[in-house]
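Visitor: Sequence and predicted structure are below.
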Amino acid sequence: MNEIIKKIEDAQLKEKVDEFRIGDTVRVSAKIKEGNRERVQVFEGIVIKRQNGGARETFTVRKTSNGIGVEKTWPLHSPVVEKIEVIRRGKVRRAKLNYLRDRVGKAAKVKEVLR
């Protein structure tokens, strides 16, 4: 990669990134702009994938709202993502949990890791 691009991307990285993995249930606090006001909106769900690395790393969170699956993808180092809280640790054996999209109800659960 070009040295200039690498320096620019390294300057945009967050100093402290919250530790979470695929299968964890997380609560993402994101800044939402409505007109001239700004507020924090919380999105809670299971992390189904993390992609790429460095400044371009993204993660996708899935939740079920009124029986409909909702997924949101955020850049990990974005200033829009205020914080990521881990609620439960999940025990999974895959890097991407795309199979959760086809499951409904209790079948869509991920086992919890007890530590």
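Guide: Cool, got the structure. Because the structure is predicted, anything quoted here is derived from the model rather than measured.
Visitor: Could I get the full set of helices for this protein?
Guide: 3-11 (DSSP state H).
Visitor: longest strand of it?
Guide: For the chain, the strand with the greatest residue count under DSSP state E is strand 37-51.
Visitor: quick one: strands adjacent to that strand?
Guide: Its sheet considered, strand 37-51 pairs with strand 25-34 (antiparallel), strand 58-65 (antiparallel) by DSSP bridges.
Visitor: which one of those strands is the most hemmed in?
Guide: strand 58-65 (a mean of 17; mean count of other Cβ atoms under 10 Å). Heads up, the C-betas are built off the backbone N, CA and C, glycines and all.
Visitor: quick one: pLDDT of residue 28?
Guide: We have a pLDDT of 96 for residue 28.
Visitor: try residue 44
Guide: According to the prediction, residue 44 has pLDDT 96.
Visitor: I'd assumed residue 24 was in contact with it.
Guide: No. In this structure residue 44 lies outside contact range of residue 24 using Cβ atoms under 8 Å: 11.3 Å.
Visitor: circling back to that earlier point, and the strands paired with strand 37-51: which comes nearest residue 80?
Guide: Checking the strands paired with strand 37-51 against residue 80 by Cβ to Cβ gives strand 25-34 as the closest, at 5.2 Å.
Visitor: Just the residues contacting the closest one, thanks.
Guide: Residues outside strand 25-34 that contact it (Cβ atoms under 8 Å, 6 or more residues apart in numbering) are 20, 38-47, 61, 72, 74, 79-88, 90, 110.
Visitor: thinking again about what came up before, more crowded one of residue 44 and residue 24?
Guide: Remark: of residue 44 and residue 24, residue 24 carries more neighbours, 20 against 13, as counted by other Cβ atoms under 10 Å.
Visitor: quick one, what contacts the more buried one?
Guide: Applying Cβ under 8 Å, 6+ apart, we find residue 24 in contact with 46, 47, 86, 87, 88, 89, 90.
Visitor: which among the residues you listed gets closest to residue 9?
Guide: Using Cβ to Cβ, the contacts of residue 24 come closest to residue 9 at residue 47, 22.9 Å.
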